[in-house]
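**Student:** quick one, fold the following:
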Amino acid sequence: MTAQYQVHGDIAVITLNNPPVNGLGLSTRQGIADGMAQANADAAVKAIVITGAGKAFSGGADINEFGKPTALQEPNLISVISVLENSTKPVVAAMHTVAMGGGLELAMGCHYRIAAPGTSIALPEVKLGLLPGAGGTQRLPRLLGVEAALNIIVSGEPIKAEMLAMLPGQKLFDKMATSPESLAEEALAYARSVADVRPLPLVRDLKCKHPQGDAYFQFARNMVKGMSKNFPAPAKCVDAVEAATKKKFDEGMAVEREIFINLMWTAESKSLRHLFLAERAASKIPDVPADTAQRAINSIAVIGAGTMGGGIAMNFLNAGIPVKMLEMKQEALDRGIATIRKNYEAQVAKKKLKQDKYEQRMSLLTTTLSYDDLGTAELVIEAVFEEIGVKEAVFKELDRVMKPGAILASNTSTLDVDKIASFTKRPEDVVGLHFFSPANVMKLLEVVRGKETAKDVMATVMTVAKKIKKTAVVSGVCDGFIGNRMIEQYGRQGGFLLDEGCTPAQVDKAMEKFGMAMGPFRMGDLAGNDIGWAIRKRRYSEKPDMKYSKTADLLCEKGRFGQKVGKGWYDYVEGKRDAIPNAEVVTMIEEHRKALGITPRKISDEEIVQRLVFSLVNEAAHILEEGIANKASDIDIVYIFGYGFPAHRGGPMNYADQVGLFNVVQAMNRFALNPLDDANFWKPAPLLAKLAAEGKSFN
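**Tutor:** Reported below is the predicted structural model:
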């Protein structure tokens, strides 16, 4: 049973015990109901305390039940809360550490609440495209006031209990405990003090009004609409809270329930729930057991003080891990440290970082010009020029100086990690850690597993990723790994669309309307068009039959490498990110089209989106089939966190599942008939063809 029952004198204590966050799964809900029945039947018991074991009161729903029948099985959470409200003896919630989602709703169903300082309070359901479904939108406004409650419900962000306790007129906490350690004793004493008070106070009986009524809710709707255009849940939260102010409690509950069930079926909520589970699943590697012994990582070394090296170093400094940075020349080191300082100082200026924290982080950074000074680090990451000869020189030096058992990592974005490992006498210690730029901001980390990378190295780097707040996804070795291998096909389709009649702005606008953070041409300008140019030159000799539009090469021949030089597919004004269309670029595309004898045609936004997104999907299906990615959801995580794919669509594989793989294959067969496209590429990957034929999906 995941809820324990004990009696302390005249007080019964029900303790939720379902680690890690006391999720309210079926057995926990059953345990609460059974405990309540036992306490109410025992004449010696005068009052009841509900609390949580370990590091949480309760974090809400049990994620292991997501999508399973037990999630809705009785007693569901609404039924359990009804048991609390109908108890003939007072029920006190003793909240600590985490009281979120269903956990907070459970506490609000109790007659009284006492909280330990530092308790995080939240209703985060909006982050899954939902709203609180067990009375959260009806009870919180009664306890905190309409505005404070609506802010918490719409943002989904946690707030410390002591902050909420200071709100005038708040009724969420009847008492604040002196400390987390004294909560249990204080809760028992408080329960005794209210044991004989009748009638028992019920949150549902409290009044709920906003003085400005309709005007306030109209204002709230306008604010929410501006902030969450692709997500229906925040606006529905406003509707539910408004119902709390205008309807009787049970009618408001019915409104909340109906909205909750409707949101459950939206594509947006399904996508967000998919991502929530996918992010947790990404850290699990099928053949690396969870209890694999790990290597200690107490200090790291970074080779290269450029933009990438500096960004990588900042991740570790932020996590309190000492970093030693190596460069070949003192001026390169000085430049790198100045950039790190500038980044931190910008955070201090915006009050996102305290001065003492900034100084503490900088004190963990040391520098050197000699490889011999790096030997004691347990993990070394190189961030040098993306050229195999340069990597070879670095790894031979690392093999010479690093102590046995140190992990040697490469930040390569496309090169062969097995080849890099072969430059050492310890290939089992070599791994790819592909950070995305800017490395101190982007959440994605591609962990590239070589054919000889040891299991304990994999387990260790996945833990390190968590420590530096990265979402890590494992990739096998291939050209471009997961993300860049797919983006190449996406970029090729972008080029063909220009040949056939589009402008860069038209393609980008269509993709941005779909929800991408930026379209392919703005993305090229940001990354540097010369990088793609170098890859294409390599392709022309390695894969001479692979077809490309020549427009991007023509652009690079004009020196239009992107934002860093103020001109690419677009023009840029210094200090601004705005992409300004350039007439010469459009003329260059038109002349190239003429030279090829192509008559431009009108291309719909729908075709643009399908060709670009389905090109990602088809390449990803090959990646899955080859075992480069462990599962389809890992690919979704790569694209959401690394490439600006819209979260409300859940990643390319989830999006393909929602469109239906049968429909994806039909569209690909149509694209294959276009003589200006690449018919070979549009042959559905065998895995995709098989799933579509069987009526199945990727995830």
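**Student:** helices or strands up against the strand or helix carrying Glu185?
**Tutor:** Glu185 is located in helix 183-193, with elements delineated by DSSP states H and E. In terms of contacts (3 or more CB pairs under 8 Å, 6 or more residues apart in numbering; DSSP states H and E), helix 183-193 is packed against strand 11-16, strand 47-52, strand 91-95, strand 112-115. Using the backbone N, CA and C atoms, a C-beta is placed for each residue, glycine as well.
**Student:** could you dump the ones you listed into CSV and include mean neighbour count and distance to Gly135?
**Tutor:** Below are those laid out as CSV (neighbours: other CB atoms under 10 Å; distance: least, CB to CB, whole Å):
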stretch, mean neighbour count, distance to Gly135
strand 11-16, 23, 18
strand 47-52, 26, 16
strand 91-95, 28, 14
strand 112-115, 26, 14
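**Student:** looking at those, which is closest to Ala534?
**Tutor:** Nearest to Ala534 among those is strand 47-52; the distance by CB to CB comes to 55.2 Å.
**Student:** what is the subsequent helix or strand relative to the helix holding Glu185?
**Tutor:** Tracing the chain past helix 183-193, the next element assigned as helix or strand by DSSP H and E is helix 214-227.
**Student:** what are the ranges of the strands in the stretch 201-350 of the chain?
**Tutor:** Applying DSSP state E, counting those that start in this stretch to the stretch 201-350 of the chain gives strands spanning 300-303, 323-326.
**Student:** just checking: what are the partner strands of whichever strand or helix holds Ile121?
**Tutor:** Following DSSP H and E, one finds Ile121 within strand 120-122. The partner list of strand 120-122 in its sheet, established with DSSP bridges, is strand 98-100 (parallel), strand 159-160 (antiparallel).
**Student:** nearest to Ala472, out of these?
**Tutor:** strand 98-100 (23.8 Å).
**Student:** what helices and strands are in contact with the helix or strand that comes right after the closest one?
**Tutor:** Using DSSP H and E, the helix or strand that directly follows strand 98-100 along the chain is helix 102-108. Counting contacts by 3+ CB pairs under 8 Å, 6+ apart, helix 102-108 is packed against strand 47-52, helix 77-85, strand 91-95, helix 136-144.
**Student:** turn those into CSV, columns for mean pLDDT and distance to Glu382.
**Tutor:** As requested, the helices and strands packed on helix 102-108 are exported to CSV (pLDDT from 0 to 100; distance: least, CB to CB, whole Å):
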stretch, mean pLDDT, distance to Glu382
strand 47-52, 98, 45
helix 77-85, 97, 51
strand 91-95, 98, 47
helix 136-144, 98, 49
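**Student:** show me the one of the ones you listed that comes nearest Lys324.
**Tutor:** The stretch from the helices and strands packed on helix 102-108 with the least distance to Lys324 (CB to CB) is strand 47-52; that distance is 42.3 Å.
**Student:** now do the closest one against helix 183-193, angle only.
**Tutor:** Direction vectors for strand 47-52 and helix 183-193, defined by axes from the mean of the first three to the mean of the last three CA atoms, to 10 degrees, enclose an angle of 160 degrees.
**Student:** how far does strand 47-52 sit from its chain's centre?
**Tutor:** Strand 47-52 has its average C-alpha position 34 Å from the chain's average C-alpha position, going by CA atoms, centre = their mean, to the nearest Å.
**Student:** and if you look at stretch 31-38?
**Tutor:** When C-alpha coordinates are averaged (CA atoms, centre = their mean), stretch 31-38 and its chain have centres 37 Å apart.
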